[in-house]
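Engineer: coords please:
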Amino acid sequence: MGNKKSEIKKTSFSYYAPFSSKVTVAGSFNDWNPETWELTKNGKGNWAGKFEIEPGRYEYRFVVDGNWENDQNNNEIVPNSLGTFNNVLVVR
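Structural biologist: As a prediction, this is how the structure comes out:
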């Protein structure tokens, strides 16, 4: 039996939004809950956070002051049921 904890990977997210007051990340890794994974803003307008995610393929988006936005640094997208797109993340 393997140790499942060792499979979990610290995964970094970042978003540039210098005038925003709150940035979170929501996706299939956290049941699309926009309130659970909040990023921290640095002095240059970059928001960042590291979260533990099990290996797998996920879809996600950022929530910037309540607006759902795509990742500025990830061009891999798939259409979603809302007529917009989700980013794709593969954790190995």
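Engineer: list the buried ones in stretch 28-46?
Structural biologist: Judged by neighbour count (16 or more other Cβ atoms under 10 Å), stretch 28-46 contains these buried residues: 29, 30, 34, 37, 39, 41. Bear in mind the C-beta positions are built from the backbone N, C-alpha and C, glycine included.
Engineer: go ahead and confirm residue 71 touches residue 60.
Structural biologist: Yes. Using Cβ atoms under 8 Å, residue 71 makes contact with residue 60 at a distance of 7.4 Å.
Engineer: between these two, what contacts are shared?
Structural biologist: The overlap between the contact sets of residue 71 and residue 60 (Cβ atoms under 8 Å, 6 or more residues apart in numbering) consists of residue 87.
Engineer: can you tell me which of the buried residues of stretch 28-46 is closest to residue 87?
Structural biologist: Using Cβ to Cβ, residue 29 comes nearest to residue 87 of those, at 11.8 Å.
Engineer: any idea how far that closest one lies from residue 49?
Structural biologist: 13 Å (Cβ to Cβ, to the nearest Å).
Engineer: can you check residue 27 too?
Structural biologist: From residue 27 across to residue 49, the span is 13 Å (Cβ to Cβ).
Engineer: neighbour-wise, which of these two wins?
Structural biologist: residue 27 (21 against 16; other Cβ atoms under 10 Å).
Engineer: quick one: residues contacting the residue nearest to that one when sequence neighbours are not counted.
Structural biologist: Leaving aside its sequence neighbours, residue 27 sits nearest to residue 60 (Cβ to Cβ, 6 or more residues apart in numbering; 2.7 Å). Contact partners of residue 60, counting by Cβ under 8 Å, 6+ apart, are 25, 26, 27, 28, 29, 71, 86, 87, 89.
Engineer: mark which of those residues are part of strands, please.
Structural biologist: 25, 26, 27, 86, 87, 89 (DSSP state E).
Engineer: how far away is residue 73 from residue 83?
Structural biologist: 23 Å.
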